[in-house]
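K.L.:
build me a model from this:
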Amino acid sequence: MLFASPLVPNNVQHYPRPPTYDFPDLPAADRASFWLLPISIALQQISLAIIGPLPKTSPIRTLLPAIVVPVVIGIGIQATLFSHHLTSPVVNFGYGTAAISITLQGIEILFVTPWRYEIPLSEIFKIAETPCPTINPTWRQRFDWAGACLNNPRMLNTPFEPTLLKKRREKVAGMSKGWFLVTRFARVVMIWVLIDFLLAWCRYDLWFGSVTHHMALPDTLLSGAARTVFGGAAIWMAVDSEHALCAVVCVGLFGQDHSNWPDLFGIWTEEWYTIAEFWGIAWHGLFRQRFTFLTSTTSSRILRVMIPFLLSGVLHFAGAYMQSRHGVEAMVFLVLQPIGILVQQWVIGREGVKGRGWGVKFVVWVTTMVWLITTGYVFVGAYAKGGMFDIEPIPVSFLSLLGAVEGKVWRYGGAMAHFGWY
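P.N.:
Got it, this is the predicted structure:
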C-alpha cells in the first residue's frame, strides 16, 4: 500500500524514468562541454589573484577585466547552452545555474567593483579566514583570497553583506555552539522526514514524477495548487537541509565559527506578508548579490525592482534548460514577480502592512500566496518536466520502515544510478 488512508488507492505503482534522462534528438557532442564550467571558475580565480591586490591606478587593473570578462561571459554562455545535461536532474540544474552565477560574479568583481573604489579589491573583501596582504602577497595568498571571494556568494563579513543577513548572524552568534549544532541537526532530521513524505506523494501523483501515465491525477485547480506548494517546498527542503548539514559538519567537525552560518531562509519570527517581503525575507539569498549588484547603477525604482528578477530569470532558465531543454516557463515565473510587487505596492503602499491590523495582514498574505501559487505552477512544472522530482535524495525511508508507504527502506541503491557517468 502507499498510505494507510482511504484517500489513496492501494494499487498505485511508480514508473520511474531512466537514470540518464537522455533525449535521442540531442547530439552526443553536447556532452563534451563539461570542462567549460571548471575552466570558467579557474579563469576567474587566476584573474582575481592577479588584479585583487593591485591599486586602481594599475594598468593591469584597467586592461585585464576588459579582456577577461568577455571570455568569462562566453564560457558561461557556452557551458549553459551547448552542454548536454550530464547526470541527475539536480546536478544538471546546479551546473546550469552555476554557469550563470559565475558569469555574473565575474562581471561584478572583475569589471564593476574595481571602478567604485580606489583601494585594492583585497582591502574591500575582507575574508577573515583568507587574508591577503596588499604589499608583496605570495601566489598562494592571492589564490586563496580569490577562492574565498568566489565561494562567498552571500558576501558574509564584507561591506556588501545585506542588513538582514547581519541580523541573522547576530542572532546565531547569541546561541551557544552546542545549541546551534542541536538545532541544525534537528532541522536535518525534520526535513528528512518531510522529504520522505513528499517522495511518497510523488509516487502517487505521477505528474510530479514527470511520467505520462493514465493513473496520473487530473489537472484540477486543487491538484495544481498542491503540486505548486509541494514543488516549492521541495526546493526549500533541498537547499535548507544541505545548508544545515554543511553547518553541522563545518562547525562540529572542523571548528568553524557558527556565527558564519546564518539561516538561509526567513524564519517564523521574521514577518513577511507581501510579495516583496517573500523574496526579500522568506526566500534564500544565495544568489541575491548576483542579482542586485547592477541596481546601484540606476535611480529608477522600477528598474531596481526589475533588474534582479530579470537576472534571476536568466539563471533559472539556464538550470531548467540544462535539465530538459525547456526553461522558458521558469524564466516567465521570475519575470512576472516584479509586476506583482509593483501592483501590490501600488494598492497597499510601499510600506506594506507595517502598522496595519491583523485582518489586513492576513488578507495581504493570502493575496501574496495566491499570486505565488498561480504564477509558480509553470515554474514547478518545468522542474517536473526535467525530472527534478524523480530522484530520491535520502538514504533511508522512515515511512517505508514503518510500513506506511511502499518501497524498500534503503533508497540509495537505485538513486546512485542517477549520479553515474554514461
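K.L.:
what's the domain layout of this structure?
P.N.:
34-152, 171-419 (automatic domain parsing).
K.L.:
ok, of the ones you listed, where does mean pLDDT dip lowest?
P.N.:
Of all those, the minimum mean pLDDT falls on domain 34-152 (a mean of 80).
K.L.:
mind putting the domains of the chain into CSV with distance to P162 and mean neighbour count?
P.N.:
Yep, even glycine has a C-beta here, placed from its N, CA and C like the rest. Output for those, formatted as CSV (distance: least, Cβ to Cβ, whole Å; neighbours: other Cβ atoms under 10 Å):
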stretch, distance to P162, mean neighbour count
domain 34-152, 13, 18
domain 171-419, 7, 17
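K.L.:
rebuild these as a markdown table, extending it with distance to E161.
P.N.:
Rendered in a markdown table, the data for the domains of the chain read as follows (distance: least, Cβ to Cβ, whole Å):
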| stretch | distance to E161 |
| --- | --- |
| domain 34-152 | 9 |
| domain 171-419 | 9 |
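K.L.:
and the residue most central in space within the chain, what does it touch?
P.N.:
In the chain, the centroid-proximal residue (Cα atoms, centre = their mean) is L286; its distance is 6.0 Å. Contacts for L286 (Cβ atoms under 8 Å, 6 or more residues apart in numbering) come out as 153-154, 239, 264.
K.L.:
in helices only, show me the residues you listed.
P.N.:
V239 (DSSP state H).
K.L.:
so which of the contacts of L286 is the closest to K171?
P.N.:
L264 (13.5 Å; Cβ to Cβ).
K.L.:
skip the chain neighbours and tell me the closest residue to D257.
P.N.:
V251 (7.7 Å; Cβ to Cβ, 6 or more residues apart in numbering).
K.L.:
OK, contacts around the one you found?
P.N.:
Each residue near V251 by Cβ under 8 Å, 6+ apart is listed here: 177, 180-181, 184, 257-258, 261.
K.L.:
out of the domains of the chain, nearest to L164?
P.N.:
That would be domain 171-419 among the domains of the chain, by Cβ to Cβ, at 6.6 Å.
K.L.:
surely W279 touches G340?
P.N.:
No - contact criterion Cβ atoms under 8 Å: W279 and G340 do not qualify, at 10.0 Å.
K.L.:
other SSEs contacting the host helix or strand of V366?
P.N.:
V366 is located in helix 358-385, with elements delineated by DSSP states H and E. Other elements packing on helix 358-385 under the criterion 3 or more Cβ pairs under 8 Å, 6 or more residues apart in numbering; DSSP states H and E are helix 221-252, helix 275-277, helix 301-324, helix 328-348.
K.L.:
try 6 Å
P.N.:
helix 221-252, helix 328-348 (3 or more Cβ pairs under 6 Å, 6 or more residues apart in numbering; DSSP states H and E).
K.L.:
what about the longest one, distance to the chain center?
P.N.:
Right, helix 221-252. 10 Å (Cα atoms, centre = their mean, to the nearest Å).
K.L.:
got it, and the last one?
P.N.:
Once both centres are worked out by Cα atoms, centre = their mean, helix 328-348 turns out to sit 19 Å from its chain's centre.
K.L.:
quick one: that helix to helix 301-324, angle?
P.N.:
For helix 328-348 against helix 301-324, the angle by axes from the mean of the first three to the mean of the last three Cα atoms, to 10 degrees is 150 degrees.
K.L.:
tilt between helix 328-348 and helix 358-385?
P.N.:
Going by the same axes, to 10 degrees, helix 328-348 makes 170 degrees with helix 358-385.
K.L.:
same check, this time on the first one
P.N.:
Interaxial angle, helix 221-252 versus helix 358-385 (the same axes, to 10 degrees): 90 degrees.
K.L.:
distance of L164 relative to I281?
P.N.:
Here L164 is placed at a distance of 7 Å from I281 (Cβ to Cβ, to the nearest Å).
K.L.:
and for F125?
P.N.:
25 Å.
K.L.:
check A320 too.
P.N.:
A320 is 25 Å from I281, by Cβ to Cβ.
K.L.:
and if you look at Q45?
P.N.:
Taken as Cβ to Cβ, the span from Q45 to I281 is 32 Å.
K.L.:
same question for L334.
P.N.:
When L334 is compared with I281 (using Cβ to Cβ), they lie 18 Å apart.
K.L.:
on that earlier part again, now the helices and strands packed on helix 358-385 as a markdown table including distance to F389?
P.N.:
Compiled in a markdown table, the helices and strands packed on helix 358-385 are given as follows (distance: least, Cβ to Cβ, whole Å):
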| stretch | distance to F389 |
| --- | --- |
| helix 221-252 | 7 |
| helix 328-348 | 15 |
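K.L.:
of these, which is nearest I394?
P.N.:
Comparing those by Cβ to Cβ, helix 221-252 comes nearest, at 9.3 Å.
K.L.:
for A282, what are its contacts?
P.N.:
266, 272 (Cβ atoms under 6 Å, 6 or more residues apart in numbering).
K.L.:
any idea how far it lies from M369?
P.N.:
11 Å.
K.L.:
please apply the same query to Q45.
P.N.:
Q45 is 42 Å from M369, by Cβ to Cβ.
K.L.:
kindly report the same for Q44.
P.N.:
Q44 is 39 Å from M369, by Cβ to Cβ.
K.L.:
ok, L48 next?
P.N.:
41 Å.
K.L.:
what do you get for I235?
P.N.:
Look at I235 and M369: by Cβ to Cβ, they are 16 Å apart.
K.L.:
again, but for R356
P.N.:
Counting by Cβ to Cβ, the separation of R356 from M369 is 17 Å.
K.L.:
surely W272 is in a strand?
P.N.:
No - W272 is assigned coil when assessed by DSSP: H, G, I helix; E, B strand; the rest coil, not a strand.
K.L.:
i'd like the first residue to be 22 from this point on
P.N.:
Shifting the count to begin at 22 puts that one at W293.
K.L.:
wait, it touches I302, no?
P.N.:
Yes - at 4.3 Å, W293 counts as touching I302 under the criterion of Cβ atoms under 6 Å.
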